[in-house]
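Chemist: next one to model:
(one chain, ligands or ions: 1)
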Amino acid sequence: MTATQATYICIEQHGDEQQMQLQFGPIPSPGCGEVLLRQTAIGVNFIDTYHRSGLYPLALPSGLGMEACGLVETLGAGVNDLKIGDRVAYAGGTVGAYTTHRIMPESKLVLVPDSIPDNMAAATLLRGMTAQYLLKQTFPVAAGQTILVHAAAGGVGQILCQWAQSLGAKVIGTVGGSSKMALAQQWCDWVLDYNNTDWVAQVREITQQQGVPVVYDGVGAATFLPSLDCLAPRGLMVSFGNASGAVDAFNLGLLASKGSLFVTRPTLGHYTSNRAALLACANDYFAALEAGLVKPEIGQRYALSEAAQAHRDLAARKTTGATVLIP
Ligand SMILES: NC(=O)c1ccc[n+]([C@@H]2O[C@H](COP(=O)([O-])OP(=O)(O)OC[C@H]3O[C@@H](n4cnc5c(N)ncnc54)[C@H](OP(=O)(O)O)[C@@H]3O)[C@@H](O)[C@H]2O)c1
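Modeler: Residues are numbered from 1 along each chain as shown. Okay, here's the model as predicted:
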């Protein structure tokens, strides 16, 4: 490899981690409205494993990855708001963040405040914006409410719990295993091990049989149906992820019999679909970081060339907090 080459992860086929090949190629040039980024840190998200496996199919061959931080190195024609050297981040949009150099549309980039390090922006912007829309837009959490958050030691879970507490909510978090319980106790009022306890009964006991007004569930198949039994009448089930597998079709009548419940299956893209919404969401997250309302842990760091190991660890539930690749 020479300094004139980009290094990136590519998959030719969907499948396991062995499909992730390190490749080298020319550094691309930005088109109209685009910039070339020299990336300094790359976030790893659970969705990257779905893109790799084919649960969320891609046009192949393809890169992987949804978020990163970097410096603007070259401006394409018609770029008005950014300049060379600006430190920017992105989360979402097209797949292909696992690379040293990337072309991005100016419209998808946000400036990173000086106080936020590259690793933090790269590894947590997607999850931070997810927590922002879940807590403030999907279901505006209010002081005094008790809420349930699954996978509370995970990337989204950690930010969601910390931010909810700063809003004055009480948080019941679920985790798998005792070491994660100790971790999640830092940002949950109650931590339940959903691998070893009757967590539904415990949630009902904590809430004096009233149930919670909202469940935030990124785990999916394993937790969806039991979570309905944790909700108060007219409560909202927010099923935002599939870490244990996709939620199957279910009898809609369950929502009536369990208390006229609501269900939503939101995604970040629909909450950041225009420039104003993206900036509002990202800047609210950055402000929460700067104010110390959320203190995400970057639990794992890997070289870009070790991206496959990062995927193995995520799928094996070995990770806590966020994961970053260093190009
Ligand atoms: N809809 C959106 O806008 C949006 C945005 C971001 C993320 N997401 C989704 O939210 C979920 C969490 O994302 P994340 O990146 O923050 O991941 P993460 O929470 O860091 O990792 C997933 C966690 O899920 C738990 N889990 C439960 N059953 C599992 C299983 N069978 N296999 C693997 N993990 C399992 C594990 O925690 P325990 O060991 O404690 O059980 C694991 O650490 C993912 O499904 C992701 O796709 C959705």
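Chemist: can you map out the strands along the stretch 201-327 of the chain?
Modeler: For the stretch 201-327 of the chain, the strands defined by DSSP state E, counting those that start in this stretch occupy 212-217, 231-239, 262-264, 298-303, 322-326.
Chemist: and the fourth one, what's buried?
Modeler: Using 16 or more other Cβ atoms under 10 Å as the burial criterion, the residues of strand 298-303 that qualify are 298, 299, 300, 302. (Each C-beta comes from the backbone N, C-alpha and C, glycine too.)
Chemist: so how far is residue 130 from the second one?
Modeler: Spelled out, it's residue 299. Summarising the geometry, the distance separating residue 299 from residue 130, computed by Cβ to Cβ, to the nearest Å, is 17 Å.
Chemist: what about residue 287, how many neighbours?
Modeler: 12 (other Cβ atoms under 10 Å).
Chemist: OK, contacts around the residue in the stretch 201-327 of the chain that the ligand sits nearest to?
Modeler: Proximity to the ligand, evaluated over the stretch 201-327 of the chain using Cβ to the nearest ligand atom, is greatest for residue 241 at 2.4 Å. By Cβ atoms under 8 Å, 6 or more residues apart in numbering, the contact set of residue 241 is 46, 156, 217, 218, 219, 220.
Chemist: go again using 6 Å as the cut-off
Modeler: When the contact criterion is Cβ atoms under 6 Å, 6 or more residues apart in numbering, the partners of residue 241 are 218, 220.
Chemist: look at it and report its pLDDT.
Modeler: Predicted confidence (pLDDT) for residue 241: 95.
Chemist: same question, residue 205
Modeler: Residue 205 carries a pLDDT score of 98 in this model.
Chemist: so what's the residue count around it?
Modeler: 11.
Chemist: circling back: make CSV out of the buried residues of strand 298-303 and add distance to residue 60 and pLDDT.
Modeler: As requested, the buried residues of strand 298-303 are exported to CSV (distance: Cβ to Cβ, whole Å; pLDDT from 0 to 100):
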residue, distance to residue 60, pLDDT
298, 30, 95
299, 30, 92
300, 27, 95
302, 24, 98
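Chemist: so which of the residues you listed comes closest to residue 19?
Modeler: Of all those, the one sitting nearest residue 19 is residue 302; the distance, using Cβ to Cβ, is 17.0 Å.
Chemist: which residue, other than its chain neighbours, is closest to the closest one?
Modeler: Nearest residue to residue 302 in three dimensions, chain neighbours excluded: residue 310, at 4.7 Å (Cβ to Cβ, 6 or more residues apart in numbering).
Chemist: next one: residue 210
Modeler: Using Cβ to Cβ, 6+ apart and skipping the chain neighbours, the partner closest in space to residue 210 is residue 232 (5.5 Å).
Chemist: what is the burial count for that neighbour?
Modeler: Other residues lying near residue 232 total 17 when counted by other Cβ under 10 Å.
Chemist: residues contacting it?
Modeler: Contact partners of residue 232, counting by Cβ under 6 Å, 6+ apart, are 210, 211, 213.
Chemist: I'd assumed residue 6 was in contact with residue 100.
Modeler: Yes: counting by Cβ atoms under 6 Å, residue 100 does reach residue 6; the two are 5.2 Å apart.
Chemist: need phi/psi at the residue of the stretch 101-250 of the chain found nearest the ligand.
Modeler: Of all residues in the stretch 101-250 of the chain, residue 154 sits closest to the ligand, at 1.9 Å by Cβ to the nearest ligand atom. As for residue 154, its main-chain torsions (degrees, to the nearest 10) stand at phi -80, psi -170.
Chemist: any idea how far it lies from residue 163?
Modeler: Separation of residue 154 from residue 163 (Cβ to Cβ) stands at 14 Å.
Chemist: those two: which has the busier surroundings?
Modeler: Relative neighbour count places residue 154 above the other of residue 154 and residue 163, with 29 against 24, counting by other Cβ under 10 Å.
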